[in-house]
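Colleague: Sequence and predicted model, in that order:
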Amino acid sequence: MKTSSLIELLASDQLPSGLPAGTLRKAVGAALVLSVSMVVGGWGLHADLPDLLQSASFQFKNLWVLALALCSGGLLWRLARPAQRDGYGIHGIGLALLAMALMGATTLWQAEPPARWGLLIGQSWWSCPLSIALISLPWLAVFLLYLRQMAPTRLALSGASAGFLSGALATGLYSLHCIETSYAFFGVWYAAGMGLSSLIGAILGPRLLRW
Amino acid sequence: MSDRLTLIESQLHGQWLRAQSGDASSYTQLLSSISQLLRGFMRRRMQTHPNDVEDLVQETLMAIHQKRHTYDSQQPLSAWVFAIARYKWIDHLRVHGRRTPAMEDIDDWADVLSTEPETTASDSRHDLSLMLSELPDKQRLAIEHTRLKGLSIAQTASLIGQSEAAVKVNVHRGLKTLSQRWGNA
């Protein structure tokens, strides 16, 4: 085909580009229903929910998760668009992770030596990252769908940021089940869960996001 | 940003805004201007595969059309266009298994800064490739490498697997055929 005929063809196409907003909204709704019912039905809510919601460790932890979600969400927004500057999302994520790691280190340092191991490992160190990664999958699907109709130029990084954001949302939901209270635990195992989601996203990105 | 880029940017951006408000003729103009920029961009990068240039231009134009909702009107339109072009170019190299340069050469942007229109050059090269396509492969390859890409006889010989003497003979014969066929036209 001649380029000039292609241009005529494109100029005559008046339909808006991209997914209709409603499709994405439905996908978000579906992910929300699915991930909430996974936590409530599969993992089960914390036995003493009112107490949990008022505890300082729960509130601080979720403030941290919120910061991580905002940073990775901003990063995702930028990566979805060609020639956007990266912004400070990655820096924000790094700082938040570092902050929690420092809080955790302080906790360990102040604790009696025999108690340290327990604060770091808790009772659910191995199931926590896996649970977060599993609960994040519906969200990851939504964000990959979003990226597919956008125009990411760095596919692995875009996939990873979609994974991190889904991991952060999953962590917020999972915290309604989790019985751990130590910052050292959050700084290592929650971060590992979000890292696992990012890894899944980074692997899927180049395969699913080509355009 | 150089003056030339600023000028291109302000023209394109104005056309873009008119086009997005539903003015199809502005959109046609815009895509034509963009296609010229793209042709220069791709030609610089695809010197060893000039036949793929127009395919890449068209693929990028289609992507620009399909992904136009990802343009944020606060950002420079040309940056957005070239980012898509760069993605399409690298994707093409990836699919065809060719190496990408790790760095961008500043000379690659010369086409954006140059004052010569890209269309004229495009048409003439297209005609030449038509003429060449009628030659036997051995002669066509010899001419393309030595005369169009400016390689030496020795480089050409090793690239296309002919002896140096054969390259010289094939260039000579090919040019003779061409001048007989087209020289008087």
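Modeller: In hand now; what should we look at? In this text the structure is predicted, and so the values were computed from the model without any measurement. Numbers count the residues shown, from 1 in each chain, chains lettered A, B, ... in the order given.
Colleague: what ranges do the helices span in chain B?
Modeller: B:3-20, B:24-45, B:53-66, B:77-95, B:110-113, B:118-133, B:137-143, B:153-160, B:164-182 (DSSP state H).
Colleague: could those go into JSON lines alongside distance to A:F143, mean pLDDT and mean neighbour count?
Modeller: From N, CA and C alone the C-beta is placed, and that goes for glycine too. Converted to JSON lines, those look like this (distance: least, Cβ to Cβ, whole Å; pLDDT from 0 to 100; neighbours: other Cβ atoms under 10 Å in any protein chain shown):
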{"stretch": "helix B:3-20", "distance to A:F143": "26", "mean pLDDT": "84", "mean neighbour count": "15"}
{"stretch": "helix B:24-45", "distance to A:F143": "30", "mean pLDDT": "92", "mean neighbour count": "21"}
{"stretch": "helix B:53-66", "distance to A:F143": "20", "mean pLDDT": "94", "mean neighbour count": "20"}
{"stretch": "helix B:77-95", "distance to A:F143": "19", "mean pLDDT": "93", "mean neighbour count": "19"}
{"stretch": "helix B:110-113", "distance to A:F143": "34", "mean pLDDT": "61", "mean neighbour count": "15"}
{"stretch": "helix B:118-133", "distance to A:F143": "39", "mean pLDDT": "61", "mean neighbour count": "13"}
{"stretch": "helix B:137-143", "distance to A:F143": "48", "mean pLDDT": "83", "mean neighbour count": "20"}
{"stretch": "helix B:153-160", "distance to A:F143": "46", "mean pLDDT": "82", "mean neighbour count": "16"}
{"stretch": "helix B:164-182", "distance to A:F143": "55", "mean pLDDT": "78", "mean neighbour count": "15"}
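Colleague: Format these as CSV; extra columns: distance to chain A.
Modeller: As requested, these are exported to CSV (distance: least, Cβ to the nearest Cβ, whole Å):
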stretch, distance to chain A
helix B:3-20, 8
helix B:24-45, 4
helix B:53-66, 4
helix B:77-95, 4
helix B:110-113, 14
helix B:118-133, 9
helix B:137-143, 23
helix B:153-160, 29
helix B:164-182, 23
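Colleague: So which of those is nearest A:A105?
Modeller: With Cβ to Cβ as the criterion, A:A105 lies closest to helix B:77-95 of those, at 40.9 Å.
Colleague: I'd like the distance from that closest one to the chain centre, please.
Modeller: Put simply, helix B:77-95 sits 13 Å off its chain's centre (Cα atoms, centre = their mean, to the nearest Å).
Colleague: contacting residues around it?
Modeller: Contact partners of helix B:77-95, identified using Cβ atoms under 8 Å, 6 or more residues apart in numbering or on different chains, comprise A:81-83, A:151, A:153, A:210, B:5, B:8-9, B:12-13, B:16, B:34, B:37-38, B:41-42, B:45-46, B:52, B:56, B:59-60, B:63-64, B:67, B:70-71, B:99-100, B:112.
Colleague: what angle sits between it and helix B:24-45?
Modeller: Compare the direction of helix B:77-95 with that of helix B:24-45 by axes from the mean of the first three to the mean of the last three Cα atoms, to 10 degrees and you get 50 degrees.
Colleague: Which helix or strand contains the most centrally placed residue in chain A?
Modeller: Among the residues of chain A, the one closest to the centroid is A:L165, at 2.4 Å (Cα atoms, centre = their mean). Per DSSP states H and E: A:L165 is located in helix A:155-174.
Colleague: does any bit of that helix sit next to chain B?
Modeller: No: applying Cβ under 8 Å from any Cβ of the partner chain, one finds helix A:155-174 separated from chain B by no less than 9.4 Å.
Colleague: thinking again about what came up before, could you say which one of the helices of chain B comes nearest to A:P113?
Modeller: The nearest among the helices of chain B, by Cβ to Cβ, is helix B:77-95 at 53.4 Å.
Colleague: Appreciated, that's everything.
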